[in-house]
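Colleague: Output the structure for:
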Amino acid sequence: MAAFASTMAARPVTVLRSAPRKSMAGAPLKATSNGAKVVMRDMWLPGADAPAHLDGKMAGDFGFDPLGLGADPKALSWYREAELQHCRWAMAAVAGILAAEIANPNVFFYEAATKATLPFPILGVVAAQFLMMHYVEIRRWRDWQKPGSVDKDPLFPGNALPSHEVGYPGGIFDPMGYSKGNLDELKLKEIKNGR
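Modeller: Numbering: from 1, shown residues only. Presented below is the predicted three-dimensional model:
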């Protein structure tokens, strides 16, 4: 035991203090230990190797694709677009549920539809919603296929979106001007909150 203790005392111990979690925000962690450089990134399973097609460039990429579904770059791009939309709808739904609970605490959110009284038939609302959502989703799909192809409004030609990355239109969809700040950090926050 004494020999073990003397061997351990002879080796210097280096403690790496990590930066606060917020400043790392998904960036690869670089460290030096015993002269060897180590670069780690946030992974879904610490110490795991990410698939080759998940290189950490997308916001929220933690190397999780056990079935290899994203090996095709075109499919991976569509999966990302779909995930963004699902995240945004989920966050909007939570906000709507909370608002309804605050406005009318006597009605639980999943009973609200059975207790609602509308001045028009519900089938008309569903049909109108279907047509409007179909129009919006087809335009979103066309923008994903050919970026920038649907940036001009077909009904009001004077309205147009500025040049943008697919999935992050900005312009009238960003009235608070968040896209002018650290967009990479906001992308990561959005995808984490949506998941």
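Colleague: so how far is Trp78 from the nearest residue to Gly63 once chain neighbours are set aside?
Modeller: Nearest residue to Gly63 in three dimensions, chain neighbours excluded: Ala50, at 3.0 Å (C-beta to C-beta, 6 or more residues apart in numbering). All C-beta atoms are positioned from the backbone trio N, CA, C, and that covers glycine. From Ala50 across to Trp78, the span is 20 Å (C-beta to C-beta, to the nearest Å).
Colleague: Please apply the same query to Ile102.
Modeller: Distance, Ile102 to Trp78, using C-beta to C-beta: 37 Å.
Colleague: Between these two, which is the more surrounded one?
Modeller: Trp78 (15 against 8; other C-beta atoms under 10 Å).
Colleague: Gly70 reaches Asp55, doesn't it?
Modeller: No. Counting by C-beta atoms under 8 Å, Gly70 stays clear of Asp55, with 11.1 Å between them.
Colleague: a strand runs through Lys192, doesn't it?
Modeller: No. Lys192 sits outside any strand when classified using DSSP: H, G, I helix; E, B strand; the rest coil, being helix.
Colleague: Helix, strand or coil: sort out the residue nearest to it when sequence neighbours are not counted for me.
Modeller: Leaving aside its sequence neighbours, Lys192 sits nearest to Gly60 (C-beta to C-beta, 6+ apart; 6.2 Å). Put simply, Gly60 is coil when judged by three-state DSSP.
Colleague: quick one on the thing from earlier: so what's the residue count around the residue nearest to Gly63?
Modeller: Using other C-beta under 10 Å, Ala50 has 17 other residues around it.
Colleague: got it, and Arg41?
Modeller: Arg41 has 16 nearby residues by other C-beta under 10 Å.
Colleague: what does Glu185 give?
Modeller: Residues near Glu185, counting by other C-beta under 10 Å: 15.
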